[in-house]
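Colleague: Just to be clear, the model below is a prediction. Sequence and coordinates:
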Amino acid sequence: MKSGGLLSKHVKAFTLFDTYEQNDAFLEILNFADGSPGSYDVGDGLCENLRPYSKVKRPERSGEVEPPTMDGDSKEYKEYINRSKGNSKGDRTWKDDYLTWCLYVRAGCTSDFVSTLCGIYDGRMSDILREWAYILDDALQRWFPIPTRSQMLRAYPDRFIEADGHARCYLLLDAFELFCQQASNPNVASSTHSDYKKHCTVKFLGGCDSIGCPWADTVPDGYPGRASDVTMTSDTNILRPLPFGSTVKVDKGFIIDNEGKAEGVNVDRPQKRRKKQVQQSSVDTSQTQKVGNTRIIVENVNGGLKLQIRYLNALIPTLQFGLVSKIVRIGYLIQNFKKAIVQDIGAGDSTDSDGGKPCRAEVRWYGATCAGLRDVRDSVHLWGLKCEIARHAELWAMEEHKDKSAIEISEMVLDEKWDVKMKEALYALRDM
C-alpha cells in the first residue's frame, strides 16, 4: 500500500481514511516524530517503539505501578530505544502492524485470517490489537477535548435555531447496543442479556454536537446490556461537562430529566403517549417532529460508526469485553475527520472553495465554517443566561468599550464563565 501501488485505489476499504496520503499523514502525526515542538527524534517515534501488551506486567496495567518514563533525554528511555531496535521483527514495520489492526477492526476480517495473511502468530496478533487500540484511543481523546462555549457558538447551525429558537443545544445523546457472545459465567451472561434485543449485548452511550462532532467525554465506556439509560447517564456523568442552562436532545424513551436538572441541563425529549391516549396533541406532535428532525444527526453518527468499524457488526468475543469500549470510542472520534453534517443545505447552496468542505474537527476546533453555519456570538439573546445577557448590556454601555464589537463583548462575557459560577451554586444547593 503506497502511492501508485496495487492497493492505493482501495485504501478506504481497509483503513480509516480514503486515500494513502491521508492515511500516511495521520500516522506521521500519531507517531509524533515529525519535527514539531516536543516531538521525538526521527526513527524514535511513539508508534515505532510500542511496548508489546504481553510484556506489560499486570500491576502496571492496573495502575498500581507507574509506567517507565518516556522522556527523550532520560537514560531509561534511551536504553529502551536501544533494546527495542535490537529486537528485530524481520521486514515488518510499525505501519504494517497498523495495517494488520485495520484489517481486523476496520475491514472486519477474522483474527485467524488476518494473522495468516500477515504471516504472524496468534500471540503477536493479540498484542497488535491491544497496542493500537490503546494508542489510538488515547491519542484521539487528546486531539478532541470538549469544545469551549466560544468554539461551539462560532459555528452553530441555522437549522437548530429555526427549530429551537435558541442556540443552546450542546449535545445530541443516544444509546445503542452491540451483540456479544454469551459468557460461560452465569452472572456475566445474566448482566449482558438485553430484554430489548433478546440477546447478550454491550450497551453504550454516544453523543455528538449539532454538526455531528463527538469528543472524548461523549463516548464513555460501555455497560452490560441489562443496564438502563438512566443508570448509564448517572454513572458516567456524561452531562456534567455541559454548560449550565444548555440543552441535550434525547429520544422519547430516554427519561433522564432528573439527571439533567441535577447538572443544570435542560432535556429536550419528545413526549410519550399517555396511558389510554389514542393520539398525541398537536403540541406534542410538533415537539416530537422538532426533536426527531434534529436528532437524526446522532443516528447518522451511530450508523457511520458501524459502517466504518465492521468489527462491531459481528459478535463481540467475551475475551475482548475490556477492549470494545476503546474500539467504539475510536470509531466515534475518527468521524471528526468527515464533513460536517449540516441540514437543509442543497448542493447549490455551498460557498466553499475548490479545496472542498472542511472536516468536523476543523469547523469545531479550528475556526472553519461552511454553508448553513453561522457565528452567533454577537446574538447573546440566543445563547446567554439572564445574568450573561445583563452583563453583556452592562459591558456594552461602558465608555471604555464603545469601540468594541458585539463579538468582542461576548468573548468578555464568556471569559467570565458565568455558567461555571451557576453550576457551582447549583452544586452547593444540592449538597446542603
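Modeller: Great, that's in hand. Numbers count the residues shown, from 1 in each chain.
Colleague: can we go C-alpha only for contacts and neighbour counts from here?
Modeller: OK.
Colleague: residue ranges of the helices in the stretch 101-250 of the chain, please?
Modeller: 111-118, 122-143, 149-154, 158-164, 186-192, 229-236 (DSSP state H, counting those that start in this stretch).
Colleague: quick one: the second one to chain centroid distance?
Modeller: Taking Cα atoms, centre = their mean, to the nearest Å, the mean C-alpha location of helix 122-143 is offset from the chain mean by 16 Å.
Colleague: Repeat that for the last one.
Modeller: Here the centre of mass of C-alpha atoms in helix 229-236, compared against the chain's by Cα atoms, centre = their mean, lies 18 Å away.
Colleague: what comes up buried for that helix?
Modeller: For helix 229-236, the neighbour count (16 or more other Cα atoms under 10 Å) marks 229, 232-234, 236 as buried.
Colleague: do the same with the second one
Modeller: Judged by neighbour count using 16+ other Cα under 10 Å, the buried positions of helix 122-143 are 125-137, 140-141.
Colleague: who's in contact with it?
Modeller: Here helix 122-143 makes contact (Cα atoms under 8 Å, 6 or more residues apart in numbering) with 30, 50-54, 97-98, 100-101, 111-112, 115, 215-216, 323, 326-327, 329-330, 333-334.
Colleague: Could you do the fifth one as well?
Modeller: The list of residues contacting helix 186-192 from outside it, by Cα under 8 Å, 6+ apart, reads 182-183, 200-202, 224-227.
Colleague: Need those residues in TSV (columns: pLDDT and distance to Ser150).
Modeller: Output for the contacts of helix 186-192, formatted as TSV (pLDDT from 0 to 100; distance: Cα to Cα, whole Å):
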residue	pLDDT	distance to Ser150
Gln182	93	46
Ala183	91	46
Cys200	95	42
Thr201	95	38
Val202	95	35
Pro224	94	36
Gly225	93	37
Arg226	93	38
Ala227	92	35
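Colleague: Just to be sure, Val42 is in a strand?
Modeller: No. Val42 is assigned coil when assessed by DSSP: H, G, I helix; E, B strand; the rest coil, not a strand.
Colleague: nearest spatial neighbour of it, skipping sequence neighbours?
Modeller: Nearest non-adjacent residue to Val42, counting by Cα to Cα, 6 or more residues apart in numbering: Ala33, 5.2 Å away.
Colleague: show me the contacts for the one you found.
Modeller: Going by Cα under 8 Å, 6+ apart, Ala33 touches 39-46.
Colleague: Please repeat the previous calculation with a cut-off of 6 Å.
Modeller: Applying Cα atoms under 6 Å, 6 or more residues apart in numbering, we find Ala33 in contact with 39-42, 45.
Colleague: what does Leu46 give?
Modeller: Residues near Leu46 by Cα under 6 Å, 6+ apart: Asn31.
Colleague: separation between it and Gln181?
Modeller: Leu46 sits 34 Å away from Gln181, going by Cα to Cα, to the nearest Å.
Colleague: For the stretch 201-350 of the chain, give me the ranges with low pLDDT.
Modeller: Low-confidence segments of the stretch 201-350 of the chain (pLDDT under 70): 271-292, 346-350.
Colleague: Glu399: how many residues sit nearby?
Modeller: 8 (other Cα atoms under 10 Å).
Colleague: What of Val328?
Modeller: With other Cα under 10 Å as criterion, Val328 counts 24.
Colleague: Show the backbone phi and psi for it.
Modeller: Per-residue torsions, Val328: phi -60, psi -40 (degrees, to the nearest 10).
Colleague: so who does it touch?
Modeller: Going by Cα under 6 Å, 6+ apart, the list of residues near Val328 is empty.
Colleague: do you know how far it is from Ile297?
Modeller: To Ile297, Val328 is 18 Å away according to Cα to Cα.
Colleague: got it, and Lys55?
Modeller: The spacing between Lys55 and Ile297, counted by Cα to Cα, is 42 Å.
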